[in-house]
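**Q** This is the structure alone, sequence omitted:
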């Protein structure tokens, strides 16, 4: 082979390697750092919408995945403060039918157990595809919905199904649809332009959505002309008529476990609310004791008392992803052998929540002692390599530390 041919081949190889590296980069990355008083730095790179070339900003709404659980928990605590819910009451009282593990019928399941993923429920029977007009209760009749090996309260198992049940309890005690209830309890008081599953957002907000991608193919929220025609799951051929909604029938409709659309700046305000013990910008939403109740771990990994990753996305990890969990709040940097829950790599016990769905990775983390926090997300990041020092992905470690390109 001639020297010229070798150079051509090397150039082609470099171009191909560059293209592969580029394809592996997230489509969008946003990071917002804040303290108790406000935002202190913002970084936004990439595209909110590849097809139109619209650049991402920290004000664009994005489906933040499981950070939604933390925000749902804030709504729960508002109802607890109002005396409408009790964290330790049998949740069957609020559902209107008995929620019981088939093998442990004498053990009540409470909101505390649902919020902390110790209910003994699993996601194996499904939940999110239950259509409008169908009762979610039928999912609980499937034996696969239950962890046969563990009684309620004895084991941690991260289960999305817990949160539609929480939403059903919230709906039954208020008579309000979950998305509208969360708007009243949390989003409007905080002046947040946000919503669960788009229905209660306006069309202009929806058109600014950050599109979610897998391998550059859009999978969620291409809302260029406004809100989706239907914000909930319906049966094939059925009308999307929300007049058919019934309180407490199907808490999965508005995705309390993952369907919150909110901007990075909006999430930063949620973080500041927690940093300020339930108050932000002069408005008190929660009592300090309620914030404390949310963040105190209800479960700590001891080497064998829980499933330490989300089962549909986290298998094969050598380190534990979940090691401490409160009422829909994770605590990081657990000093237990086998724990990899420190994407920052500094040993600080931050609290907040992670998100992972439809190619997006997200995080909201606060250091209550230092009075600082960070929000981040990256789209089309599902293929990111594993992190260098934690069970989080490499892109999450970079966003946490502020070193992402």
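**A** It's in. Please read all numbers here as calculations on a predicted model, not as lab measurements. Residues are numbered from 1 along each chain as shown.
**Q** Please, where are all the strands along the stretch 251-400 of the chain?
**A** 260-262, 279-280, 283-284, 299-300, 306-307, 324-325, 330-331, 351-357, 360-367, 372-379 (DSSP state E, counting those that start in this stretch).
**Q** Out of those, which is the most enclosed?
**A** strand 260-262 (a mean of 29; mean count of other C-beta atoms under 10 Å). Placement of C-beta: from N, CA and C, glycine included.
**Q** got the contact list for residue 208?
**A** Residues near residue 208 by C-beta atoms under 8 Å, 6 or more residues apart in numbering: 48, 59-61.
**Q** top of these by neighbour count?
**A** residue 61 (26 neighbours; other C-beta atoms under 10 Å).
**Q** Strands of the stretch 51-200 of the chain, start to end?
**A** 54-55, 62-63, 156-157, 195-196.
**Q** Relative to residue 308, which of those strands is closest?
**A** Shortest distance between residue 308 and the strands of the stretch 51-200 of the chain, using C-beta to C-beta, is found for strand 156-157: 7.8 Å.
**Q** Who does the closest residue to residue 272 other than its chain neighbours form a beta bridge with?
**A** Among residues not flanking residue 272 along the chain, residue 280 sits closest, at 4.9 Å (C-beta to C-beta, 6 or more residues apart in numbering). Beta-bridge partners recorded for residue 280 (DSSP bridges): residue 283.
**Q** Residue 280 against residue 190, yeah?
**A** Yes. Using C-beta atoms under 8 Å, residue 280 makes contact with residue 190 at a distance of 6.8 Å.
**Q** how deep is the closest residue to residue 183 other than its chain neighbours tucked in, by neighbour count?
**A** Nearest residue to residue 183, sequence neighbours excluded (C-beta to C-beta, 6+ apart): residue 200, at 5.3 Å. Using other C-beta under 10 Å, residue 200 has 21 neighbouring residues.
**Q** Name all residues that make contact with residue 200.
**A** In this structure, residue 200 makes contact with 179-180, 183, judged by C-beta under 8 Å, 6+ apart.
**Q** Save those residues as TSV, and put in pLDDT too.
**A** Shown next, in TSV, are these (pLDDT from 0 to 100):
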residue	pLDDT
179	98
180	98
183	98
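**Q** Which of these ranks first by neighbour count?
**A** In terms of neighbours by other C-beta under 10 Å, these top out with residue 179 at 25 neighbours.
**Q** Now do that residue against residue 148, distance only.
**A** Between residue 179 and residue 148 the computed distance is 34 Å (C-beta to C-beta, to the nearest Å).
**Q** Give me the subset of the contacts of residue 200 lying in helices.
**A** In this view, the contacts of residue 200 that belong to helices under DSSP state H are 179-180.
**Q** Give me the neighbour count for the closest residue to residue 202 other than its chain neighbours.
**A** What sits nearest to residue 202 in space, not counting adjacent residues and going by C-beta to C-beta, 6+ apart, is residue 227, at 7.9 Å. Close neighbours of residue 227, defined as other C-beta under 10 Å, add up to 20.
**Q** Would you confirm that residue 224 contacts residue 50?
**A** No. Look at residue 224 against residue 50 with C-beta under 8 Å: they stay out of range, at 11.9 Å.
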